[in-house]
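Student: Pasting the sequence and the predicted model now:
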Amino acid sequence: MPFAARFLILKKSDKIKSTVPDIFVAKPKLKKLQIEKQKEKLKKELDEILAGSSRFFSAFIPKPRDLRFETQEKKEKIVLLLRRHPITNIPWVLLVILLVFAPFFIKTMISLDFIPSNYQFILFLCWYLFAFAFAFEKFLTWFFNVSILTDEKVVDIDFPTLLYRDITEAKIDRIQDVNIKTGGYVRSLFNFGDVLIQTAGAVPEICFEAVPDPQRVSQVINQLLYEEEQEKLEGRVK
Amino acid sequence: MTPAENFIEFLVKTIPNLSIWFFVKILFVVGLFLYLAFAVIVIRQVGLMGKTLDGEFNLPLKFIAWVHLIISLGVFLLAIFIL
């Protein structure tokens, strides 16, 4: 059988015109509309999860106003700010109340007449100074030890001791797993617990300790992860 | 005699009206001086915390820290003059 073959030698500069028709090409306007609809839907879902009252002294503050953190980028928005549940402050608050009333109890129980009155006065002042310092330090620790969720990353700010701070960050797209740890009478009763976030970054785990409503926090993180994935996809489409 | 006992004897001889309250005063003054240093550190700490998390409540906290320092200074001076 005769064998016939035709070869076409192409140069690098030659352009090949495909004769195979495209099966489906989405219209650019339609694509944009779909993306925007998807974005709105995600935003609505996130707002639904975050719905509820937020006060400045609260431990669960969705989209806080007039608040910035040091490593925040210009376009970055805070989605959720978390602190330890206020109920975790009860032990030190009780201790402060005890410290405030202790001098009166001591005075009724033991006679302090052997101490000169001027020494007694300074002793009382010192006692209340220490009590105030203790309460103020505890409050500062609670108020500034925060966990933040932004649209870009997860941030955990800790002040373990005086003048020492520890800021841990991880990009949302580096999150691999989110675990919730709750248990015990108090935690179950007041609905708070730990949220453990495993990341693929330098810090393998970020822990949001004793935060209120850990289930909702986990939902928010998952929603942010989904949004980040969508953004990535859009970036690929664009 | 131990060095501490020697020192106390030296103090008793040199200061005629020495009493236990003199040592208590020294303890109070040294303690309050250390507390004063702590109050200064608290101001720096509040500043650092405010820089890390900048919110509307930072100003009142700074004010409280400064008032705390002023009161500490007042008590320190009072201890020196009253005791």
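Tutor: Ah, there it is. Numbers count the residues shown, from 1 in each chain, chains lettered A, B, ... in the order given.
Student: and B:E56, that one's in a helix?
Tutor: No - going by DSSP: H, G, I helix; E, B strand; the rest coil, the assignment for B:E56 is coil, not a helix.
Student: What is the burial count for the nearest residue to it once chain neighbours are set aside?
Tutor: Of all residues not flanking B:E56 in the chain, A:D66 sits nearest, at 5.1 Å (CB to CB, 6 or more residues apart in numbering or on different chains). Just so you know, the C-beta spots here come from the backbone N, C-alpha and C atoms, and that holds for glycine as well. A:D66 sits with 9 neighbouring residues when counted by other CB atoms under 10 Å in any protein chain shown.
Student: and A:D66, backbone torsions?
Tutor: When read as degrees, to the nearest 10, the backbone of A:D66 gives phi 50, psi 40.
Student: Now do the helices in chain B.
Tutor: For chain B, helices defined by DSSP state H occupy the ranges B:3-14, B:20-52, B:58-82.
Student: Which residues are in contact with B:L78?
Tutor: A:I122, A:L125 (CB atoms under 8 Å, 6 or more residues apart in numbering or on different chains).
Student: List the contacts of A:L112.
Tutor: A:I106, A:Q120.
Student: how much space between it and chain B?
Tutor: According to CB to the nearest CB, to the nearest Å, A:L112 stands 13 Å off from chain B.
Student: need the residues of chain B near chain A, please.
Tutor: B:21, B:24, B:28, B:31-32, B:35, B:38-39, B:41-42, B:44-46, B:48-49, B:51-57, B:61, B:64-65, B:68, B:71-72, B:75, B:78-79, B:82-83 (CB under 8 Å from any CB of the partner chain).
Student: Buried only: go through these for me.
Tutor: Neighbour counting with 16 or more other CB atoms under 10 Å in any protein chain shown marks B:24, B:28, B:32, B:35, B:38-39, B:42, B:45-46, B:48-49, B:52-53, B:55, B:61, B:64-65, B:68, B:72, B:75, B:78-79, B:83 as buried within the residues of chain B next to chain A.
Student: State the mean pLDDT of stretch B:14-21.
Tutor: Mean per-residue pLDDT for stretch B:14-21: 71.
Student: Let me know the helix or strand that the closest residue to A:T88 other than its chain neighbours is in.
Tutor: Nearest-residue entry for A:T88: A:A210, 5.2 Å, with adjacent residues in sequence omitted and distances by CB to CB, 6+ apart. Per DSSP states H and E, A:A210 falls inside strand A:205-212.
Student: Tell me the helices and strands packed up against that strand.
Tutor: Contacts defined by 3 or more CB pairs under 8 Å, 6 or more residues apart in numbering or on different chains; DSSP states H and E place strand A:205-212 against strand A:78-82, strand A:146-150, strand A:153-161, strand A:192-199, helix A:214-237.
Student: Show me the residue sitting in the middle of the chain in space.
Tutor: You didn't say which chain, so I picked chain A. A:I148 (2.7 Å; CA atoms, centre = their mean).
Student: Switch to chain B, please.
Tutor: B:L32 (1.8 Å).
Student: For B:Q45, see how far away the closest residue to that residue other than its chain neighbours is.
Tutor: Nearest non-adjacent residue to B:L32, counting by CB to CB, 6+ apart: B:F76, 4.3 Å away. Distance of B:F76 to B:Q45, computed by CB to CB, to the nearest Å: 20 Å.
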